[in-house]
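Participant: What follows is a predicted structure for the sequence shown.
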Amino acid sequence: MRKSLSETRRILIIVTIVEALLLFFFRAGLDRMILPAVIILIIQVAAYFYLTERFESMMEEQAIGVRDALGVTAEKTFLFGEIGLLMYDDDYVITQMSELFEQRGLNHVGSKVLSWLPEVDPLISGQGDTATVQLDERMYEITRREDEPVLIFRDITEQHNAMLSYSEERPVIGIAVLDNYDEVTQYEDDASLSNINAAVRTPLTDYFRERGILLKRISNSRYFMVLNEKMFSDLVSDHFSILNTIRRSAAKQDVAISLSMAFARGTERLEELDEIAVKLIDLAQSRGGDQVVVQQAGGEVKYFGGSSEATEKRSRVRVRVMANTFRELISRSSNVIICGHRNMDFDCVGSAIGVARAATALNKQVCIIGKTGGIEEKLAKVLAENAEELNQEVRFVTESEAINQLQANTLTVMVDHHNIKQSNGSKLLESASKIAIIDHHRRSTEMGVKPVLVYIEAGASSACELITEMMPYISSRIEISELAANIMLAGMTIDTNRFHVRTGARTFEAAAALRKLGADPMQVDDYLKDTYDELTLKASCMSKAKRHDNAIITIPYKDGVLTRSLMSQVADQMLEIQGIDAVFVIADDTEGETAISARSNGKVNVQRIMEAIGGGGHMTAAAVQRKRCDIDDLERELLEKTEEYFREVRNEGNSEE
């Protein structure tokens, strides 16, 4: 309205000027009439200004109409309660504003409501009940009277600040562990131990002291933390730079020590927070350490960091303890059923055979679910060619046959996986009461089962490595044939990409033990050779490769379906290209899903990228499977997540400096 009045005034001024100019140009012909014309023009100008001033005065009077409508007492009541009223017309132009706005210098009479407050659009259109806006550092809650052009403002600044203060002061419980500290320091002399402590403990205590966080050491490598939400948000903003600091300081001392942290938040119950934090720190370490795990009570688990490959953290004492516990479970069971992941590979079948032979040595009936759920192509060929010999050692059954053998005291063993969704015996696991897990993949948040024994070592190369280490402690009467040893060695060979990645001293020791049992590397090599058709298909797949920034390659294959094994092999081969750090093969697989197989040389954590889109795995080998979907869409999502990953890595690098 104010804008329209200003425009009208400008038009009147222009008309007056035009009239004055016309009188000037035609003054010769109007000598006798010039004086009356000038007088009329002056009267007209005066009338124009009087009318515009009058209209403006009327508008100002209308602006304080709220006081007149409500009365002085009501208006004072609204002021005391810090409540303001705003009225608008059919064109959503503000016509009246109460005294609260006048006192606070918010006079917008004549302006469009949505031009001033776009946040109230859902409120005016009936799509919302309330809206919250910030005006001059004060917060207002806005409601609308139903079917009336009136907005009611309530100042909620104090409540907002109180809620903000409350949320920032809510308690957070944390636990920090120096990964591998005990193993590294147990044989060090006093001087070396002092240097190591100064390198890793001093920056840790300084980091939290500077941020006002209570940090108490409760053992040689374990710390307890008490902080609040504001302090925690500062840690997140800092990208938990202490992880990089500890890793870098330990490297200068030539020791493999890293830091794992867990934070529990979202409830006032300290006991519940402590329970959550304890579970989270176990989860962080079972995933390889060097990362932060966070969970809000009742919410999903979130991961930060994890930028280094898991190292060997298990000691021979731990292996012996786990083996003895596993032996006791087998001995007290009526029978043993072993299940692997869907589309079983050499590592899965090899570790299953190892467990089966251990159960047989302890005089227990045992079977392996291997006739349903799928078997990798090369492995299926080996099993078919050696079926007669293999059937004398182990018994493969379908899941239905295994369910028929399930008893109240049956021990069900999950090998090379730990999530029921990946299992070829998922229905069996739903009914099983005693479950043991032996796996080398980084632990996921949910397993879907309640195991009585969990042996997950992300630092191990393969499940076959874990089983090979455990066998001497389970029984000295375990008999492993050359065929079984070859399958187990093939599993280790594939999972280490021919001993190039995830390979430690214990890996070679396990391989040597299998060699003593009769494993033949030449025979293993024959198992893994490609056929002509496989080689041709790989070449076709590689021809679809696309190179991107950050030294990564994507291969979206749309010309048919690929086995997951072949996808991983293509990724491994493409990784041999100079200057490439990570490869992602995207294709429809033979399981009726669309999958991504990811491989890296250790410079890119493909596990973090795959977890971001619902998958998982290791730092150098990970994957994800989706219901059949468009490959181009999945590639775009993958590239978005890789960009996010590299941004996070750059932020972590900046925080290091």
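Facilitator: Done, it's in.

Participant: check contacts around the closest residue to residue 448 other than its chain neighbours.
Facilitator: Excluding the flanking residues, the one nearest residue 448 by Cβ to Cβ, 6 or more residues apart in numbering is residue 420, at 3.3 Å. Any C-beta I mention is one placed from the backbone N, CA and C, and that applies to glycine too. By Cβ atoms under 8 Å, 6 or more residues apart in numbering, the contact set of residue 420 is 426, 429, 430, 447, 448, 449.

Participant: I figured the fifth one hits residue 421, correct?
Facilitator: Yes - with contact defined as Cβ atoms under 8 Å, residue 448 and residue 421 form a contacting pair (6.3 Å).

Participant: Let me know the closest of the contacts of residue 420 to residue 275.
Facilitator: Nearest to residue 275 out of these is residue 447 (Cβ to Cβ; 17.6 Å).

Participant: What is the burial count for the closest one?
Facilitator: 20 (other Cβ atoms under 10 Å).

Participant: shaky segments in the stretch 201-350 of the chain?
Facilitator: 306-314 (pLDDT under 70).

Participant: So residue 295, which state does it fall into?
Facilitator: Assigned by DSSP: H, G, I helix; E, B strand; the rest coil, the conformation of residue 295 is strand.

Participant: Run a quick neighbour tally on it.
Facilitator: Neighbour tally, residue 295, other Cβ under 10 Å: 21.

Participant: what's across from it in the sheet?
Facilitator: Counting by DSSP bridges, residue 295 is bridged to residue 264, residue 301.

Participant: What residues does it make contact with?
Facilitator: Shown in contact with residue 295 (Cβ under 8 Å, 6+ apart): 263, 264, 265, 266, 276, 280, 301, 302.

Participant: of these, closest to residue 483?
Facilitator: Relative to residue 483, the closest of the contacts of residue 295 is residue 301; by Cβ to Cβ it sits at 41.3 Å.

Participant: can I assume the closest one is in contact with residue 294?
Facilitator: Yes - counting by Cβ under 8 Å, residue 294 is a contact partner of residue 301 at 7.2 Å.

Participant: so which strand or helix has residue 202?
Facilitator: helix 190-210 (DSSP states H and E).

Participant: buried ones in that helix?
Facilitator: Of all the residues in helix 190-210, those buried under the rule 16 or more other Cβ atoms under 10 Å are 196, 197, 199, 200, 201, 203, 204, 207, 208.

Participant: List the contacts of the fifth one.
Facilitator: If I follow you right, that is residue 201. Per Cβ under 8 Å, 6+ apart, neighbours of residue 201: 178, 217.

Participant: Check the gap between it and residue 192 for me.
Facilitator: Distance from residue 201 to residue 192, counting by Cβ to Cβ, to the nearest Å: 14 Å.

Participant: ok, back up a step: what subset of the contacts of residue 295 is buried?
Facilitator: Neighbour-count burial (16+ other Cβ under 10 Å) applied to the contacts of residue 295 gives 263, 264, 265, 266, 276, 280, 301.

Participant: ok, these vs residue 118, which is closest?
Facilitator: residue 266 (32.6 Å).

Participant: Next up, phi/psi of that closest one, please.
Facilitator: Dihedral pair for residue 266: phi 100, psi 10, per degrees, to the nearest 10.

Participant: got a list of contacts for the helix or strand harbouring residue 317?
Facilitator: Using DSSP H and E, residue 317 maps to helix 316-331. Helix 316-331 is contacted from outside by 336, 358-359, 362, 364, 411, 434, 436, 438, 452-453, 455, 469-475, using Cβ under 8 Å, 6+ apart.

Participant: Now, of these, which are buried?
Facilitator: The neighbour-count test (16+ other Cβ under 10 Å) marks 336, 358-359, 362, 364, 411, 434, 436, 438, 453, 455, 469-471, 473-475 as buried among those.

Participant: Mind checking which of those land in helices?
Facilitator: 358, 359, 469, 470, 471, 473, 474 (DSSP state H).

Participant: Direction included, what does the host helix or strand of residue 413 pair against?
Facilitator: Assigned by DSSP H and E, residue 413 falls within strand 411-415. When pairs are called by DSSP bridges, strand 411-415 turns out to pair with strand 335-339 (parallel), strand 434-439 (parallel).

Participant: Could you check the angle the longest one makes with helix 316-331?
Facilitator: Put plainly, it is strand 434-439. Interaxial angle of strand 434-439 relative to helix 316-331 (axes from the mean of the first three to the mean of the last three Cα atoms, to 10 degrees): 140 degrees.

Participant: Could you export strand 434-439 as PDB, CA atoms only?
Facilitator: Written as PDB, here are the backbone C-alpha positions of strand 434-439 (Å, rounded to 0.1, in the frame of the first residue of the first chain):
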ATOM      1  CA  LYS A 434      23.700 -71.600  20.000                       C
ATOM      2  CA  ILE A 435      25.600 -69.600  17.400                       C
ATOM      3  CA  ALA A 436      29.300 -69.100  17.000                       C
ATOM      4  CA  ILE A 437      30.900 -66.600  14.500                       C
ATOM      5  CA  ILE A 438      34.400 -66.800  13.000                       C
ATOM      6  CA  ASP A 439      35.000 -64.000  10.500                       C
END
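
Participant: Can you tell me what sits against that strand?
Facilitator: Identification of contacts with strand 434-439 by Cβ under 8 Å, 6+ apart yields 326, 329, 333, 351, 355, 409-418, 429, 447, 449-457, 463, 466-467, 470.

Participant: what residues are up against residue 613?
Facilitator: By Cβ under 8 Å, 6+ apart, the neighbours of residue 613 are 596, 624, 637, 638, 641.

Participant: So which of those is the closest to residue 254?
Facilitator: Nearest to residue 254 among the contacts of residue 613: residue 641, at 34.9 Å, using Cβ to Cβ.

Participant: give me the number of residues near the closest one?
Facilitator: With other Cβ under 10 Å as criterion, residue 641 counts 16.

Participant: Likewise for residue 91?
Facilitator: The number of residues packed around residue 91, counting by other Cβ under 10 Å, is 9.
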